[in-house]
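A.B. asks: the sequence and its predicted three-dimensional model are supplied below.
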Amino acid sequence: MSVVAVAGATGYVGGRLVPLLLERGHTVRILTRSSAKLRDVPWSGDVEVVEGSLEDRETAGKLVAGADVVYYLVHSMGGDEDFERTERRCALNTATAARTEGVGRIVYLSGLHPEGELSRHLASRTEVGEILLSSGVPTLVLQAGLVIGSGSASFEMVRHLTDVLPVMPAPRWVRNRIQPIAVRDALHYLAEAATLPAEVSGTYDIGGPDVLTYSEMMRGYARMAGIRQPLVIALPVLTPWLAAQWVNLVTPIPRNLAIPLVESLQHDCVMRDTSINDVIPPPEGGLTGYLRSVELALIKIEAGAVETSWATAHAVSAPAEPLPSDPEWARRKVFTDAREKATTAAPDRVWEVIEGIGGENGWYSLPLAWSVRGWMDKLAGGVGLERGRRSRKHLQLNDVVDWWRVEVLEPGKLLRLRAEMKVPGGAWLEFGVEPGEDGGSVFRQRAVFFPRGLAGRAYWLAVLPFHGLIFKGMADRITAAAELERAA
């Protein structure tokens, strides 16, 4: 089998493609900025890891050296203002390295788009495809529309818009025609691309068997979810920018990701031809219809079996440095709120409650206050509280929990969450448990805030009066919940 290199292995699609490639017997090398992010990923021990970024030529060379196939699954969705230059540099470095190292094939997952003028994000993705195609290495560019699967940004956007609003004033693009593709079918085309002969090179559209309007997709979701059909009213006055703000408020999708998603829906998004069938036949049993893909996604969500999600893959901010814990604090301004509580519950029971915090289980203290703070964050363009969790019961390093991200996870002992909400400084929330001296256990909870300038100090002082209620109530209710489980 082939040696395969994957750039974007920690993304939504890449995180599902890697185990599929391993299952098919390929040797897989992946690129990540930090190998620590992979600690709890089931397949992490089966791949070779290269740390770094494609912005660095040397790193790109290390990734593709000796590879038969290179998968390019990185993109700028939610990127910074200078994303076009970054994407161009990464693509050029990869193309040069692939040509120099004698790579047999490049596979790039791009997006369906119309002819004519494109949004900045779609134009950048198109340019990346052109750079890779001109590398001199046989290249397959697969252009997909909305990818539907548990945890995908496209599916979450449809789901939350339909769940929340029975009557929805919507942008006029809800009438545009869209050809979604089930994530399993997108993975089929990607995995099969590794086996193609060298003479196959070019751009191919991929999509599912159904062409729908966005409003029809919402009604289809409602049908499969067993909820009322939404009344969708298309308004011509909602510009893409305004529509992105609306999507940001109503769904878990943050503003910087909502903008490129909305921009991609401004025109019909359908396959121009089916020539992909001449290169890669459809999967055995045929392509997955939209309703079936929604059904499969809902089954996985209900079972808590979502392998990857857009939220885990999409970093809202640059990874923070590890939380200081020793004498270095003396050189930085830091505010803390620490709580400790003894409980009759065993440590493993307390840990079950800790590991299940957030999402549907909530935060065990003043839910209205958490909800208000979440909406404030949404209005400021942040992620809010609606991202939820990948799994209802279990966490992995780098998982998302509402507006937090798992930064440290020591099973049975310690959970540290880093805030990704809009806040003037760095914020962490930490939970720990250890055996008590006379049986039971000791629960520890700590909020840590490193203010940024005067605004950060003012923010801490403004919320300080609420800490006695929120953090004390949280400690009391977490331990009480653990004791109730023990009694049960």
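C.D. replies: That came through, no problem. Numbers count the residues shown, from 1 in each chain.

A.B. asks: element containing Ser150, please.
C.D. replies: Using DSSP states H and E, Ser150 maps to neither a helix nor a strand.

A.B. asks: let's see the pLDDT reported for it.
C.D. replies: Listed pLDDT for Ser150 reads 89.

A.B. asks: what's the burial count for it?
C.D. replies: 24 (other Cβ atoms under 10 Å). Heads up, the C-betas are built off the backbone N, CA and C, glycines and all.

A.B. asks: list the contacts for it?
C.D. replies: Counting by Cβ atoms under 8 Å, 6 or more residues apart in numbering, Ser150 touches 296-298, 300-301, 305-307, 309.

A.B. asks: of these, which is the most crowded?
C.D. replies: Ser309 (26 neighbours).

A.B. asks: report the contact partners of that one.
C.D. replies: Going by Cβ under 8 Å, 6+ apart, Ser309 touches 12, 150-152, 390, 400.

A.B. asks: now with 7 Å?
C.D. replies: Shown in contact with Ser309 (Cβ atoms under 7 Å, 6 or more residues apart in numbering): 12, 151, 390.

A.B. asks: may I ask which of the residues you listed has the most neighbours?
C.D. replies: Most neighbours among these, by other Cβ under 10 Å: Tyr12, with 25 neighbours.

A.B. asks: thinking it is in contact with Thr308, fair?
C.D. replies: Yes - between Tyr12 and Thr308 there is a contact under Cβ atoms under 7 Å: 5.1 Å.

A.B. asks: joint contacts of these two?
C.D. replies: Gly151.

A.B. asks: save the contacts of Ser309 as CSV, and put in distance to Gly473 too.
C.D. replies: Putting the contacts of Ser309 into CSV (distance: Cβ to Cβ, whole Å) gives the following:
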residue, distance to Gly473
Tyr12, 36
Gly151, 31
Arg390, 26
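
A.B. asks: burial check on Glu192, number of neighbours?
C.D. replies: For Glu192, the neighbour count with other Cβ under 10 Å is 16.

A.B. asks: just confirm it is within a strand.
C.D. replies: No - assessed with DSSP: H, G, I helix; E, B strand; the rest coil, Glu192 is helix; it does not lie in a strand.

A.B. asks: in the stretch 101-250 of the chain, which spans are helices?
C.D. replies: 120-133, 153-164, 183-193, 214-225, 240-250 (DSSP state H, counting those that start in this stretch).

A.B. asks: what angle sits between the last one and helix 153-164?
C.D. replies: Spelled out, it's helix 240-250. Angle between the axes of helix 240-250 and helix 153-164 is 70 degrees (criterion: axes from the mean of the first three to the mean of the last three Cα atoms, to 10 degrees).

A.B. asks: keeping just the C-alphas, turn stretch 432-444 into PDB.
C.D. replies: Provided in PDB are the C-alpha atoms of stretch 432-444 (Å, rounded to 0.1, in the frame of the first residue of the first chain):
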ATOM      1  CA  GLY A 432     -10.200  18.600  40.200                       C
ATOM      2  CA  VAL A 433     -10.900  15.700  42.500                       C
ATOM      3  CA  GLU A 434      -8.800  13.600  44.900                       C
ATOM      4  CA  PRO A 435      -9.600  11.000  47.600                       C
ATOM      5  CA  GLY A 436     -10.500  12.400  51.000                       C
ATOM      6  CA  GLU A 437      -8.600  11.400  54.100                       C
ATOM      7  CA  ASP A 438     -11.600   9.800  55.800                       C
ATOM      8  CA  GLY A 439     -13.300   8.400  52.700                       C
ATOM      9  CA  GLY A 440     -15.200  10.200  50.100                       C
ATOM     10  CA  SER A 441     -13.300  12.900  48.100                       C
ATOM     11  CA  VAL A 442     -12.300  16.500  47.900                       C
ATOM     12  CA  PHE A 443     -13.600  18.600  45.000                       C
ATOM     13  CA  ARG A 444     -11.500  21.600  43.900                       C
END
